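A.B. asks: Prediction below, plus the sequence it came from.
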Amino acid sequence: MLKGNFFRGLGYLGDGFGLIRQPGLRLFVVIPLVINVLLFGLLFYFLAEGFTVMIATAMAWLPDWAWLQALDWLFWLLYGVFILLLLAYGFVIVANLIGSPFYGYLAELTEKHLTGQEVTTDDSWAAILKDIPRAFWREVQKILYYLPRALVLVVIGLIPVVNLIAAVLWFGFNSWMMALQYVDYPADNHKVSFPALRQLLADTRLSALGFGLPVALAAMVPILNLVVVPAAVCGATVYWVRENRSAIQSPALTR
């Protein structure tokens, strides 16, 4: 039997958007946001330059017919679709890899704001920099968890008739992954292992899916996906405090 409250879970992202406006949290929202905007601006620039060369090459190869030469707008339309897909499915992964040390600290500050209690005693910039390798490895763990399951869903999508349910499975899986992705930040601050985190979320699966659903939808919207990541971190911390408070201190969960 599924436990949790789907509708309560839906509200946590809204809580997160409210929290990122708090003065004490803004710095750790702005820094990774600026880094991500600069990175993706450069990425899209080089993609556009490369795509321009590809279009010119393709148009030179085509016969010199006016209607074929006029198809360059179609290539640019396809480029726009590609960019949208890249934003939808690639942004969250890359943004989390880059911002993981900041997001871990943002989750820590959010929890302190919510509970009034310190999570750790070392809040220096040196501690954040020192935490980068461990935070990066935690992100890699999530990617390794995601890839084989995503591959199974791709295979299901290739099977006639069965592939009719593939879209539903994909959406449910992405919602689950978004919850797992962001609740991991406050969980990691409490040294909860990644397998133990999956079990904790499974214990309140309806709440987890309710939280992950709007995050997955927002991640597909350009511009909005720039701010949804820190909002999701703060919302996930609200989730952690409210849904898993009784399990936080369990020695069996820590790594």
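C.D. replies: That came through, no problem.

A.B. asks: Only C-alpha atoms from now on, for both contacts and neighbour counts.
C.D. replies: Fine.

A.B. asks: same question for stretch 45-53, mean pLDDT?
C.D. replies: Mean pLDDT, stretch 45-53: 66.

A.B. asks: what's the answer for stretch 138-158, then?
C.D. replies: On average, the pLDDT along stretch 138-158 is 83.

A.B. asks: So, low pLDDT: which residues of the stretch 1-150 of the chain?
C.D. replies: Applying pLDDT under 70 to the stretch 1-150 of the chain flags the ranges 1, 43-44, 47-92, 120-131.

A.B. asks: the helices in it, which residues?
C.D. replies: Using DSSP state H, counting those that start in this stretch, the helices found in the stretch 1-150 of the chain span residues 6-19, 27-61, 66-69, 72-115, 125-130, 132-157.

A.B. asks: now the stretch 151-255 of the chain
C.D. replies: Along the stretch 151-255 of the chain, counting by DSSP H, counting those that start in this stretch, helices occupy 166-189, 194-203, 205-218, 224-243.

A.B. asks: can I get the ones you listed in JSON lines with mean neighbour count and distance to Leu19?
C.D. replies: Shown next, in JSON lines, are the helices of the stretch 151-255 of the chain (neighbours: other C-alpha atoms under 10 Å; distance: least, C-alpha to C-alpha, whole Å):
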{"stretch": "helix 166-189", "mean neighbour count": "21", "distance to Leu19": "15"}
{"stretch": "helix 194-203", "mean neighbour count": "17", "distance to Leu19": "22"}
{"stretch": "helix 205-218", "mean neighbour count": "24", "distance to Leu19": "15"}
{"stretch": "helix 224-243", "mean neighbour count": "25", "distance to Leu19": "6"}
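
A.B. asks: so which of these gets nearest Val34?
C.D. replies: Nearest of the helices of the stretch 151-255 of the chain to Val34, taken as C-alpha to C-alpha: helix 224-243 at 9.4 Å.

A.B. asks: so what does that closest one touch, helix or strand wise?
C.D. replies: Helices and strands touching helix 224-243, by 3 or more C-alpha pairs under 8 Å, 6 or more residues apart in numbering; DSSP states H and E, are helix 6-19, helix 27-61, helix 72-115, helix 166-189, helix 205-218.

A.B. asks: Let me know which of the ones you listed is tucked in deepest.
C.D. replies: Counting by mean count of other C-alpha atoms under 10 Å, helix 205-218 has the highest mean neighbour count of the helices and strands packed on helix 224-243, with a mean of 24.

A.B. asks: what does that one contact?
C.D. replies: For helix 205-218, the surrounding residues in contact (C-alpha atoms under 8 Å, 6 or more residues apart in numbering) are 2-13, 172, 174-180, 201-202, 224-225, 228, 232, 236.

A.B. asks: and the angle from it to helix 6-19?
C.D. replies: Angle, helix 205-218 to helix 6-19, by axes from the mean of the first three to the mean of the last three C-alpha atoms, to 10 degrees: 50 degrees.

A.B. asks: So that it lines up with my notes, have the first residue be 24 from now on.
C.D. replies: Let's use 24 as the start, then, which means that last one is helix 228-241.

A.B. asks: Now do helix 228-241 against helix 217-226, angle only.
C.D. replies: 100 degrees.

A.B. asks: export the helices of the stretch 174-278 of the chain to JSON lines and tack on mean pLDDT and distance to Ile121?
C.D. replies: Below are these laid out as JSON lines (pLDDT from 0 to 100; distance: least, C-alpha to C-alpha, whole Å):
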{"stretch": "helix 189-212", "mean pLDDT": "88", "distance to Ile121": "14"}
{"stretch": "helix 217-226", "mean pLDDT": "91", "distance to Ile121": "19"}
{"stretch": "helix 228-241", "mean pLDDT": "92", "distance to Ile121": "19"}
{"stretch": "helix 247-266", "mean pLDDT": "89", "distance to Ile121": "12"}
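
A.B. asks: Can you check which of those gets nearest to Ala118?
C.D. replies: The closest of the helices of the stretch 174-278 of the chain to Ala118 is helix 247-266. By C-alpha to C-alpha, the value is 7.9 Å.
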